[in-house]
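>>> need a structure here:
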Amino acid sequence: MKVVCVAVMTLVVAVSSIPQFQAPASCRYWCKTPENRVFCCEDERTAPDPVITKIGGCPPVRDVCPPVRVFTGPQTCAHDGNCPGDDKCCFDRCLEETVCKPPNYGIIGTGFPLSG
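Residues are numbered from 1 along each chain as shown. Modelled structure (predicted):
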């Protein structure tokens, strides 16, 4: 019985010491990765745009990143409304955030943003 009590107490202490996810108070819009990890993709420092969903889908998320090149990065976004023209807001594996990309009209869907 003592062994069971000690094991349960050890488990309670171990679980209570795991850091809990704390959402940033300033987050306005949440996005997710293809693996369903949620991250803040728009906060109060960003001017809000209308939340819209444009026609088409995002290009497939790559499994491997190409070699790094020096260039100006793409525009970050929280939803399609942040992107110019027909561009869609899509998750980019290499940048680990959502960015504006040309739509793929052969795919129906979005770039994994969540409604905020």
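
>>> only C-alpha atoms for contact and neighbour calcs from this point on.
Fine.

>>> Which stretches in the chain count as strands?
Assigned strands in the chain, in chain order: 27-32, 38-43, 88-92, 97-101 (criterion: DSSP state E).

>>> and these, which is most packed in?
strand 88-92 (a mean of 29; mean count of other Cα atoms under 10 Å).

>>> Confidence-wise, which helix or strand of the chain is lowest on average?
None of the helices or strands of the chain scores lower by mean pLDDT, DSSP states H and E than helix 2-16, at a mean of 41.

>>> okay if I get the strands of the chain as JSON lines plus distance to C77 and mean pLDDT?
Formatted as JSON lines, those follow (distance: least, Cα to Cα, whole Å; pLDDT from 0 to 100):
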{"stretch": "strand 27-32", "distance to C77": "9", "mean pLDDT": "89"}
{"stretch": "strand 38-43", "distance to C77": "7", "mean pLDDT": "89"}
{"stretch": "strand 88-92", "distance to C77": "6", "mean pLDDT": "94"}
{"stretch": "strand 97-101", "distance to C77": "5", "mean pLDDT": "94"}
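
>>> could you dump these to JSON lines with distance to Q75?
JSON lines is the format used below for those (distance: least, Cα to Cα, whole Å):
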{"stretch": "strand 27-32", "distance to Q75": "15"}
{"stretch": "strand 38-43", "distance to Q75": "12"}
{"stretch": "strand 88-92", "distance to Q75": "9"}
{"stretch": "strand 97-101", "distance to Q75": "5"}
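
>>> Out of the ones you listed, flag the one nearest I55.
Closest approach to I55 among the strands of the chain (Cα to Cα): strand 88-92, 8.4 Å.

>>> Show me what that closest one is packed against.
Under the contact criterion of 3 or more Cα pairs under 8 Å, 6 or more residues apart in numbering; DSSP states H and E, strand 88-92 touches strand 97-101.

>>> which non-adjacent residue is nearest V99?
T76 (4.2 Å; Cα to Cα, 6 or more residues apart in numbering).

>>> so what's the one you found up against?
89, 97-100 (Cα atoms under 8 Å, 6 or more residues apart in numbering).

>>> I'd like to know how far it sits from F91.
Going from T76 to F91 by Cα to Cα, to the nearest Å gives 10 Å.
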